[in-house]
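In: Need coordinates for the following:
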Amino acid sequence: MLRNEYGVTFDELDGFFSDPAHGWSMGSFGAIAEFTWDQDEAIQPFNDGRIGRITPRGAVALSLHAELKPVAYETLRKHPERWGQAVAFCLPENLARRNSRSVLSELGPDTSALQASHQQHVLFDMGLGQSFVDVCIRSNDQRLISRLREACGKNLFAKGNDVMQHIIEAGPTRVFISNIGRAEVYQPIGLEKTPEGPHTHVLPKLLASQRAFSANAPIPAGYLPMLTLHAANPCIDKLGQGRAFDTQLFTQFQARLQQWGDSGYLAQKKSCWAALTKRTQAAEFRHGSNRQLRTATRIAIRQYQHTHAHLSAAQLECINSWRSSFDKATTSVEETS
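Out: A predicted model of the protein is given here:
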C-alpha cells in the first residue's frame, strides 16, 4: 500500500473521493475552486497513478506527495448547534511555492488538461499573485482568446480593465494548479447565484488581504494548504441545510481528528465534555487562552448536546449557561480576519 511519511495512503485519499457526501476545495483566501459530485452523476477515477475523480461538471487530480501533511480541524458556524469539519492536506512552504504571476499571462495549449479533448485549448494565468496556486482559465473560444491576448500583461482588477466581465460572461473552464495536482471546473460561472456542484470564487476584497488561507484553518507554521477535504457533516448536508444528527458521520470524523488533529484542541474538548458531565459552573471553567482553544470550547458545547440523549433539566440548564458564557451565537463566528 502506497503511504507517505505522515501515514496518508493512496487508498485512503481515493476512498474520500469515492464518497459523494464529501467535498473538496483547492485555492487560497479569495480564490478557490470547489469540487463535489452527486450520487447519480457519471464519474470516473484516474488510471495513471493519480488520485481524484472526473465528472461532466469538474475534476480533481492529485499525486500523493511524500511530505503531504494532513491537518484535521473543526470550524464554527453561525447556527448555534452546528460546526464544520475539514482536513487540509499541506506542504512545507518551500515545496508549495508556485509562479505568483501578477498580470494576465498566456501559457499556451494546456497539454496537462485532465480531458484529452481539452489539451489544445489555450491556458491563461489570471495573474492573481497567489503564492501556492496558479489560478487559470482555459478556452477554445476564439473571441475570448483574442480579448484575453489583448489584455495580457495587465492586472485583471486595474482601473479601466473590463476583461474580467468578458471572462464572467464567457464562462471558460477554470483551472487551479498546485504542486500536488489540479482542479478543473467545467460548468458555467454562476451569474446570479453560486451553482450547485463544482464552482469557483474569485473575491477581490479577500485577495487584497494577501492572506494565504482563512484564520479559521489552523495550518501549522511553515506549511500551506494544497487541498482541503470538507468531510461529510453530521448535522448539515452538502448544501448547508440542517438534517437529523448522524452519529456515524460524527464518529468517523472524530477518529480523523484524533489521528490528524491538534492535541491541545482535542484535550480542550475532552476537558469541556468532562466538565459538562459534572455540571461544572461556567465561571469555574477556563475556556481557553487562545483562539483555537476557545473554538474547541464552543464546538464542544454544541457537540455535547447532540451526543448525549435524554439530558436532565439540570444538565440543559448547565449547557445553556455555558453557551451564554462561551458561545454567544449571535456574534460573528465564521471570522475571516
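In: Break down the stretch 101-250 of the chain into its helices, ranges please.
Out: 142-151, 163-170, 204-207, 247-260 (DSSP state H, counting those that start in this stretch).
In: Need these in CSV (columns: mean neighbour count, mean pLDDT and distance to Gly190).
Out: Heads up, the C-betas are built off the backbone N, CA and C, glycines and all. Formatted as CSV, those follow (neighbours: other Cβ atoms under 10 Å; pLDDT from 0 to 100; distance: least, Cβ to Cβ, whole Å):
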stretch, mean neighbour count, mean pLDDT, distance to Gly190
helix 142-151, 15, 97, 18
helix 163-170, 16, 94, 9
helix 204-207, 14, 93, 17
helix 247-260, 15, 97, 28
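In: Save these as TSV, and put in distance to Gly197 too.
Out: Shown next, in TSV, are those (distance: least, Cβ to Cβ, whole Å):
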stretch	distance to Gly197
helix 142-151	23
helix 163-170	18
helix 204-207	22
helix 247-260	21
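In: Select, out of the ones you listed, the one closest to Asp14.
Out: Evaluated with Cβ to Cβ, the helices of the stretch 101-250 of the chain place helix 247-260 nearest to Asp14, the distance being 15.6 Å.
In: Show me where the stretch 51-200 of the chain has its strands.
Out: Along the stretch 51-200 of the chain, counting by DSSP state E, counting those that start in this stretch, strands occupy 51-54, 58-62, 69-76, 83-92, 105-109, 122-125, 134-139, 173-178, 181-185, 199-202.
In: Just put those strands in a markdown table and tack on mean pLDDT, mean neighbour count and distance to Tyr304.
Out: Listed next are the strands of the stretch 51-200 of the chain as a markdown table, based on pLDDT from 0 to 100; neighbours: other Cβ atoms under 10 Å; distance: least, Cβ to Cβ, whole Å:
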| stretch | mean pLDDT | mean neighbour count | distance to Tyr304 |
| --- | --- | --- | --- |
| strand 51-54 | 98 | 21 | 36 |
| strand 58-62 | 98 | 24 | 35 |
| strand 69-76 | 97 | 21 | 13 |
| strand 83-92 | 97 | 22 | 12 |
| strand 105-109 | 98 | 14 | 51 |
| strand 122-125 | 98 | 23 | 47 |
| strand 134-139 | 98 | 22 | 40 |
| strand 173-178 | 98 | 24 | 37 |
| strand 181-185 | 98 | 25 | 36 |
| strand 199-202 | 95 | 20 | 33 |
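In: sorry, back to before: figure out which of the helices of the stretch 101-250 of the chain is closest to Met126.
Out: helix 163-170 (8.1 Å).
In: between that closest one and strand 173-178, how many degrees?
Out: Between helix 163-170 and strand 173-178, the angle comes out at 120 degrees (axes from the mean of the first three to the mean of the last three Cα atoms, to 10 degrees).
In: wait, what's in contact with Ile54?
Out: Residues counted as contacts of Ile54 (Cβ atoms under 8 Å, 6 or more residues apart in numbering) are Ile43, Gln44, Phe46, Ala61, Leu114, Gln115.
In: Measure how buried the second one is and give me the count.
Out: This means Gln44. For Gln44, the neighbour count with other Cβ atoms under 10 Å is 10.
In: That one contacts Pro56, correct?
Out: No - contact criterion Cβ atoms under 8 Å: Gln44 and Pro56 do not qualify, at 10.1 Å.
In: Next, count neighbours for Ile43.
Out: Other residues close to Ile43 by other Cβ under 10 Å number 17.
In: brain fart, Ala116
Out: There are 7 residues near Ala116, going by other Cβ under 10 Å.
In: My reading is that Ile32 lies in a strand. Confirm?
Out: Yes - under DSSP: H, G, I helix; E, B strand; the rest coil, Ile32 falls within a strand.
In: and it, what are its bridge partners?
Out: Gly27, His201 (DSSP bridges).
In: tell me the contacts of it?
Out: Ser25, Met26, Phe176, Thr200, His201.
In: if you set the cut-off to 7 Å instead, what comes out?
Out: Residues in contact with Ile32 (Cβ atoms under 7 Å, 6 or more residues apart in numbering) are Ser25, Thr200, His201.
In: of these, closest to Asp237?
Out: Of those, the one sitting nearest to Asp237 (Cβ to Cβ) turns out to be Ser25, at 16.9 Å.
In: Which residues are in contact with the closest one?
Out: Contacts here follow Cβ under 7 Å, 6+ apart; on that basis Ser25 touches Ile32, Ala33, Glu34, Thr228, His230.
In: Just the buried ones from those residues?
Out: Neighbour counting with 16 or more other Cβ atoms under 10 Å marks Ile32, Ala33, Glu34, Thr228, His230 as buried within the contacts of Ser25.
In: Determine which two of those residues are furthest apart.
Out: Ala33 and His230 (12.6 Å).
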